[in-house]
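Visitor: generate a structure from the sequence data that follows.
(one chain, ligands or ions: 1)
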Amino acid sequence: MMSKLVLVLNCGSSSLKFAVIDAQSGDEHLSGLAECFNLVDARIKWKMDGNKEQAELGAGAAHREALDFIVNTILASKPELKEQLVAIGHRVVHGGEKYTKSVLIDDAVVAGIEQCASLAPLHNPAALIGIRAAQASFGALPQVAVFDTAFHQSMPKHAYAYAIPQKLYREHGIRRYGMHGTSHLFVSREAAQALSKDVNDTNVITCHLGNGGSVTAVRGGKSVDTSMGMTPLEGLVMGTRSGDLDPAIIFHLVDNLGYTLDEVNNMLNKQSGLLGLSELTNDCRGIEEGFEEGNKGCTLALEVFCYRLAKYVASYTVPLKRVDAIVFTGGIGENSDLIRKKVLEHLAIFGYQVDDEKNLAARFGGEGVITKDGTPVAMVIPTNEEFVIASDALGLI
Ligand code: ADP
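Guide: Just a heads-up that it's a prediction; the model follows:
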């Protein structure tokens with residue numbers, strides 16, 4: 001029987017993550033990453049049938065060359081895979097208020113994504129380049145856009161409004177949008193299933209902790225609050241992003257300390273978070289190693305990260321009123337038993353008690369409940385954004 005396969009593309013400004021996913025079973029037939037675009041060492045690596053391979057793309061190569069390579073070299077080596085492709089699914093970061101769910105891409109959608117680019121100047125233009133390159137390389141295949149912001153469009157106004165003159169919202173769309181929606185959606189559904197509950201009657205707090213991170217309050221299957229804002233800079237301490245801070249720091253840096261706005265932008269997005277606090281690394285594994293060795297910077301980074309995360313989780317009991325589970329996902333959420341334990345210790349007032357054995361078992365692909373029987377539930381659920389993108393694409397064609 002023919003499978004229904006979807007090519008999932010996640011375009012960054014200098015990289016492209018790709019995968020071929022069975023939209024019904026979720027099986028992954030191919031996955032890979034093309035990176036270092038526009039540089040001399042632009043390259044691509046991929047995994048197919050358990051084999052890892054890599055190749056140079058040629059100096060200055062970018063999205064178009066990477067997609068050509070995927071079609072003409074990788075997929076050409078396995079025609080049965082190419083024949084079973086039914087659609088292409090694109091991850092698009094910002095859908096503004098226009099897109100509350102995934103859509104088939106046509107000229108109007110391309111224009112819509114362009115309009116939202118003012119809200120995500122780093123991310124949406126890359127997705128557009130990817131869409132145009134995929135149209136050129138794959139001609140007839142239908143293409144679908146899946147937005148990181150869409151799941152959060154259910155937030156009530158009191159959760160998304162910034163307390164600034166509302167003219168800025170009306171005229172320029174300045175409000176909170178949230179990101180990682182595909183992941184929060186997926187793990188909240190999986191959590192309901194794991195709890196043997198109807199999604200519409202399940203309230204969870206989902207913590208997506210990767211290089212970027214966000215927490216979402218999901219009530220009855222709908223996002224009612226989330227920690228990222230108009231851009232991914234707001235909220236948690238992340239790998240290199242500061243998360244929440246007093247905005248007056250920016251004026252102080254510029255007016256009194258001689259920084260340019262570009263420098264501040266770069267500092268808050270690329271030099272802060274775990275990296276800024278530890279003065280060593282943005283990688284959680286390195287932070288944990290440093291902490292074990294008694295490194296002061298890494299210890300500070302870990303403590304601030306966990307404390308801030310716990311405060312967010314606690315605050316999301318407000319919109320949920322009843323919490324059925326806290327869910328951890330993303331590279332850190334799925335693997336760091338240390339961070340999960342520290343966060344749940346901060347939340348002891350709610351009754352959370354970590355089961356050390358279960359917490360250790362839920363790593364490296366392991367999943368499930370990590371709290372003691374008879375105490376409030378926290379669990380680990382590996383995310384699968386590619387599967388959501390593939391199944392949305394199949395649903396739309
Ligand atoms: P992205 O947001 O880029 O998709 P991931 O979800 O892969 O990122 O998460 C990357 C983060 O996960 C890094 O900080 C990495 O250190 C962390 N991570 C991965 N494995 C482990 C581990 N075993 N223990 C602690 N952190 C881990």
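Visitor: let me know whether the helix or strand containing E190 sits next to the ligand.
Guide: Assigned by DSSP states H and E, E190 belongs to helix 181-194. No. On the criterion CB under 6 Å from any ligand atom, helix 181-194 is out of touch with the ligand, staying 8.8 Å away. Just so you know, the C-beta spots here come from the backbone N, C-alpha and C atoms, and that holds for glycine as well.
Visitor: what are the phi and psi values at L30?
Guide: phi -150, psi 140 (degrees, to the nearest 10).
Visitor: which residues are contacting the helix holding E190?
Guide: Helix 181-194 is contacted by residues 91, 146-152, 198-199, 202, 204, 206, 208, 214, 216, 218, 221, 223, 226, 324-325, 327, 329-330, 368-369, 379, 381, 383-385, 387-389 when judged by CB atoms under 8 Å, 6 or more residues apart in numbering.
Visitor: F305 is in contact with S278, correct?
Guide: No. Shown here, S278 and F305 do not form a contact pair, counting by CB atoms under 8 Å, at 9.8 Å.
Visitor: tell me, what's touching the two both at once?
Guide: I287.
Visitor: more neighbours, these two?
Guide: F305 (28 against 24; other CB atoms under 10 Å).
Visitor: state the three-state secondary structure for that one.
Guide: helix (DSSP: H, G, I helix; E, B strand; the rest coil).
Visitor: just say helix, strand or coil for the residue lying closest to it once chain neighbours are set aside.
Guide: Leaving aside its chain neighbours, F305 sits nearest to V237 (4.6 Å; criterion: CB to CB, 6 or more residues apart in numbering). Secondary structure, three-state DSSP: V237 is coil.
Visitor: tell me which helix or strand the closest residue to the ligand within the stretch 201-350 of the chain sits in.
Guide: The ligand sits closest to G331 of the stretch 201-350 of the chain, with a gap of 2.1 Å, by CB to the nearest ligand atom. Assigned by DSSP H and E, G331 falls within helix 330-335.
Visitor: in the helix holding E190, what's buried?
Guide: 181-192, 194 (16 or more other CB atoms under 10 Å).
Visitor: and the closest residue to L30 other than its chain neighbours, helix, strand or coil?
Guide: Nearest non-adjacent residue to L30, counting by CB to CB, 6+ apart: V20, 4.1 Å away. Following three-state DSSP, V20 is assigned to strand.
Visitor: roughly how far does V20 sit from G365?
Guide: 20 Å (CB to CB, to the nearest Å).
Visitor: who has more neighbours out of the two?
Guide: Neighbours were counted for V20 and for G365 using other CB under 10 Å; V20 has more, 27 against 9.
Visitor: for that one, give its distance to the ligand.
Guide: Using CB to the nearest ligand atom, to the nearest Å, V20 is found at 19 Å from the ligand.
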